[in-house]
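# the following comprises the amino acid sequence and a computationally predicted model.
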Amino acid sequence: MTGQQPDIQWYIARDGKQHGPLSDVEMRTFVAQGHLKPTDLIWRAGFPDWRPAPTVFSFHPPETSSPPPRAPMARPGAAPAPATSPAAVERSFEPSRIRVARGGGSDAPSRKGRVIGVGVLLALLAVGGGWYYWQKGSGDTATDSEIATIKAPPPATQPAEAAIDTAAAPPVSSAVVDEGAQELDAKFQKTPMWSVVKREFPDWYNERLREAAKLSAQNEPQITINKHLAEALVALRRKHANEALAASTDKLKGVANAFLANLKSLGERSVGACYGFISQGETAPVVLEIMQSPEQGASVQAQVAAIFEAIADGRKTPTSHERAAKEDYEVLVQQLTKLGWKENDLKVFSNPSALSREPPARVCQMVQDWFVAHLSVEDKATQERLLVETLKPVVSG
């Protein structure tokens with residue numbers, strides 16, 4: 001990467017999702033830390049299309065191999081190449097599967113799920129990973145561009161809200177759908193999550209109600225309906241991630257507190273529930289099962305509600321936040337030390353590959369500690385800068 005201009009913006013495509021932009025320094029750090037995969041696709045201005053990572057950067061691939069490329073993805077702001085073209089096949093890849101073991105009634109995550117799920121998520125979640133290298137490096141003050149983090153994907157590249165394929169399903173009358181939608185509305189409006197979604201996105205909300213009512217009329221299992229609604233909510237959340245991050249500090253603290261409370265609640269149920277949410281979010285199979293019970297799913301809904309309240313605040317009165325600096329992460333390390341973290345803990349958490357090899361219970365505790373430390377920072381300005389950075393993957397991941 002020698003000779004690259006400082007204004008180059010890199011993008012990475014992985015598991016069917018696009019991440020970026022990364023500055024040239026950020027990309028160098030990302031590659032040097034071993035986070036790039038041979039199945040990743042890379043794009044920057046000047047490239048006619050996405051390129052396989054090994055053709056752009058020299059790096060040592062991970063020990064575990066991934067499936068060969070298959071699914072094409074369009075570069076930012078451009079139409080995708082035809083799926084039948086040889087170039088499209090060569091540039092494509094098959095998304096990795098994140099699985100949760102279901103055998104014997106257990107919701108403990110499988111080993112493969114741990115490697116792929118947390119390895120990918122924590123590349124986003126450990127947004128402060130660069131702080132460890134700052135402290136153990138030359139000691140020079142780091143610039144903003146030296147924070148090695150994948151930023152929120154551009155909204156234009158987000159997948160459309162989940163659609164339903166009902167071509168082979170029996171027809172359902174409009175009257176039945178309308179009646180079902182009204183019943184669902186009465187039920188949903190008893191929850192803070194759906195109340196804020198309806199208030200902020202009424203048209204989107206009504207469309208989802210009708211889709212869910214139609215699925216119900218076609219006798220689809222409740223977990224299928226939950227999955228459809230969860231995927232649609234995730235797409236909507238990602239689409240408005242920048243607005244959530246433009247919310248006031250109080251709203252951002254509300255998201256962090258709700259996220260932490262949710263992890264604790266899920267952890268009390270089982271390690272698998274906590275870990276499943278960390279690795280797959282609202283669409284994790286174990287979380288979808290929990291969401292079938294209003295009582296058990298209350299903490300998940302409260303977190304989603306907090307994010308949409310932040311989106312509402314950011315839409316109405318957007319706030320400009322400064323990025324975290326080296327000194328801010330030094331304060332964060334002090335808080336983590338108070339929680340019992342040692343140098344090896346800092347090293348593990350700043351390295352997604354190392355973290356993916358840790359037991360799920362340890363990962364869940366470390367992520368909770370990470371947020372406890374943020375919320376324990378006394379200086380409000382420092383806390384604000386740290387929260388903005390660490391909440392990026394929470395609202396856009």
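Structure's in. What do you need?
# CA atoms for contacts and neighbours, from now on please.
Fine.
# flag the shaky bits of the stretch 1-150 of the chain, pLDDT-wise.
The model of the stretch 1-150 of the chain has pLDDT under 70 over residues 1-7, 25, 33, 58-150.
# repeat the analysis, applying 50 as the threshold.
Counting by pLDDT under 50, the stretch 1-150 of the chain shows low-confidence ranges at 1-6, 60-126, 130, 133-135, 137-150.
# in the one helix or strand residue 310 maps to, what counts as buried?
Assigned by DSSP states H and E, residue 310 falls within helix 298-316. Buried residues in helix 298-316, defined by neighbour count with 16 or more other Cα atoms under 10 Å: 298-315.
# extract the C-alpha set from it and format it as CSV.
This file holds the C-alpha atoms of helix 298-316, laid out as CSV (Å, rounded to 0.1, in the frame of the first residue of the first chain):
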residue,chain,number,x,y,z
ALA,A,298,-38.8,-7.4,26.9
SER,A,299,-35.1,-6.5,27.2
VAL,A,300,-34.5,-7.0,23.4
GLN,A,301,-37.5,-4.8,22.6
ALA,A,302,-36.3,-2.2,25.1
GLN,A,303,-32.9,-2.0,23.3
VAL,A,304,-34.5,-1.7,19.9
ALA,A,305,-36.8,1.0,21.3
ALA,A,306,-33.9,2.9,22.6
ILE,A,307,-32.2,2.9,19.2
PHE,A,308,-35.3,4.1,17.5
GLU,A,309,-35.8,6.8,20.1
ALA,A,310,-32.2,7.9,19.3
ILE,A,311,-33.1,7.9,15.6
ALA,A,312,-36.1,10.1,16.3
ASP,A,313,-33.9,12.5,18.2
GLY,A,314,-31.2,12.6,15.6
ARG,A,315,-33.8,13.2,12.9
LYS,A,316,-35.4,16.1,14.8
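# what's the next secondary structure element after it?
helix 326-338.
# check which helices and strands that next one sits against.
helix 130-136, helix 360-376, helix 380-390 (3 or more Cα pairs under 8 Å, 6 or more residues apart in numbering; DSSP states H and E).
# now do that helix against helix 380-390, angle only.
If you take axes from the mean of the first three to the mean of the last three Cα atoms, to 10 degrees, helix 326-338 sits at 90 degrees to helix 380-390.
# got the angle between helix 326-338 and helix 360-376?
Using the same axes, to 10 degrees: helix 326-338 against helix 360-376 is 120 degrees.
# mind listing what's buried in helix 326-338?
In helix 326-338, counting by 16+ other Cα under 10 Å, buried: 326, 328-329, 331-333, 335-336.
# same question for that helix, mean pLDDT?
Per-residue pLDDT over helix 326-338 has a mean of 93.
# please apply the same query to stretch 207-222.
The average pLDDT for stretch 207-222 rounds to 92.
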